[in-house]
Each structure stands twice: as structure tokens, then as C-alpha cells.
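K.L.:
everything below, folded, please.
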Amino acid sequence: MKSTSPFAAPTLTLHSQVRETLRASIADGSYAIHARLPAESVLSTMFGVSRITVRQALSDLQHEGAIVKVAGKGAFVAPRRAHQQLTHLEGFAEAMSRFGHEVANTVLGHAIVAAPEPVARQLQLAPGAAVTQITRVRRLDCVPVSLEVTYVAVPLGERLRGEDLAGRDIFVIFESDYNIALGHADLQLDATLADADVAHALEVVPGSPILRIERLTHDALGAPIDFEYLHFRGDAFQYRLQLARRN
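P.N.:
Model (predicted):
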């Protein structure tokens, strides 16, 4: 390999060095979103490595979702997926605003319904008990990212009816306006495919990959207060979690 190589981490394998250098160039904006990367032959010359090495690096970036390959046209920088860390309990807008994203909500429904059995169980209510169901589409930078169906007790739901649910997180309203201290949430995550209703709300094709989350939020005393079904577009959002190994 040439001594003038731009690689920042010479201890890595050659294809890993190419991958990391390209990833850094994408991260700092040298290659903008939707920009076409140089052809494999050009990258091979730039880095002083074989085309096979370049192809391995591009394959890694493609698997990570950093680039997309289009047959006959080359590799392009993929749109960045927004993400939220699963390190503490916070609302969607709270998390996204830290990264400079614009969040807007569309309220599709706010009604009193008979609690489905799973909802009644989570909220510790009798099956079929009345609950408030709030359905919203969350938009991130004008793109629909999640469909959220929230269930709360009727008295709380009626209070929320007069709130700006199109512009504010329910968690923030609980704590800032109602003085309800939140404690913790239990989450269950799985992968599924968008049915017709979810696909329509998120503007994707039916059968598109969806991250589905069930979240039960408790107040500071441990009582269940809010149960939600969250449906996130798999191509536009991800949750991240850092795990420490127990000693």
C-alpha cells in the first residue's frame, strides 16, 4: 500500500481501512446524502488497493445501511436513519429535538373505547373497561416515521383532549402540566410487516418492514399509567442500546 494513503487507522485490514475512511467522509459531509461515490476503479486508485478490497469495503457499508447500490449506476450515500437511545425514559420529540430534527404530529383519533384484553391487562383494568385511545402519526422532518396508539384511563384521556397533542409529547404534558412523575417503562420489541392501515398511515407499501413496540409506562409509584403500541418505519428509524457486561 502506498505511503501516501489517507487511511487513518493503519492497524486495520485493508478493506476495513477503506470502509472507515469512506464512513468518515460520509459522516463529515464530504459525500452528501444521495451523492454518488466514486467508481470502484477510482476508489482503487485513490486508496492504492485492489478493486476486490474496495468491493469488500462497499459491501460492509451497504450492509450497515450507510450506502445503497443501484445496478448499473453505482453506490450512493443513503439517507441517515434517525435513532433514539434506549438508556432512559423520554418522549419522541424530546429525543429527536436534541439532534435538530423537526417533529410534528397528526392526531388521527381521540376516543373512548372498550379496552381490548391485552390493554386492560397492562393497565390493570377489567376486560372491556372504558379507556381513552389516542392515535397519532409522528412526522420527523416532514416524513411519517411512526404510528402510535396510546391508551390511558378515561379521566386522564379527557384532560388530554384539550391539549396540543399535535405539537407536544404526552410524557411532557404529564410531568410539566399535570405534575405526574414518571417512573419507568417496560418495552417489548419485535419486527413485523405493515398491514394496510399501518402502511397507509406511514406512507409505505403494505408488507414493508416495521419495528413494533409495546410500551407500558408507570408513574413514580409504580402504577401503570400509559400503554402504547408504537409502529416505526424500518427504513427511517432505529432504536439503539448500549449494554455493559456484568462482572
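K.L.:
alpha carbons only for contacts and neighbour counts from here, please
P.N.:
OK.
K.L.:
residue 39 touches residue 76, doesn't it?
P.N.:
No - using C-alpha atoms under 8 Å, residue 39 makes no contact with residue 76, being 10.4 Å away.
K.L.:
how about residue 213, what does it touch?
P.N.:
Taking C-alpha atoms under 8 Å, 6 or more residues apart in numbering as the contact definition, residue 213 lies against 187, 188, 189, 190, 228, 229, 230, 231.
K.L.:
mind redoing it with 6 Å?
P.N.:
Contact analysis of residue 213 by C-alpha atoms under 6 Å, 6 or more residues apart in numbering lists 188, 189, 229, 230.
K.L.:
just to be sure, the last one is in a strand?
P.N.:
The one in question is residue 230. Yes - counting by DSSP: H, G, I helix; E, B strand; the rest coil, residue 230 is located in a strand.
K.L.:
do you know the pLDDT at it?
P.N.:
According to the prediction, residue 230 has pLDDT 91.
K.L.:
bridged to it, which residues?
P.N.:
Going by DSSP bridges, residue 230 is paired in beta bridges with residue 148, residue 213.
K.L.:
what's the neighbour count on it?
P.N.:
By the criterion of other C-alpha atoms under 10 Å, residue 230 has 20 neighbours.
K.L.:
measure it to residue 158 for me?
P.N.:
21 Å (C-alpha to C-alpha, to the nearest Å).
K.L.:
cool, the second one as well?
P.N.:
Distance of residue 189 to residue 158, given as C-alpha to C-alpha: 29 Å.
K.L.:
repeat that for the third one.
P.N.:
Summarising the geometry, the distance separating residue 229 from residue 158, computed by C-alpha to C-alpha, is 20 Å.
K.L.:
got a list of what residue 153 touches?
P.N.:
Per C-alpha under 6 Å, 6+ apart, neighbours of residue 153: residue 131.
K.L.:
just residue 131 next, same as before
P.N.:
By C-alpha under 6 Å, 6+ apart, the contact list for residue 131 reads 112, 113, 115, 152, 153, 154.
K.L.:
for PyMOL, write the select line for the buried members of those residues.
P.N.:
To isolate the buried subset of those in PyMOL, counting by 16 or more other C-alpha atoms under 10 Å, use the following:
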select buried, resi 112+115+152+153+154
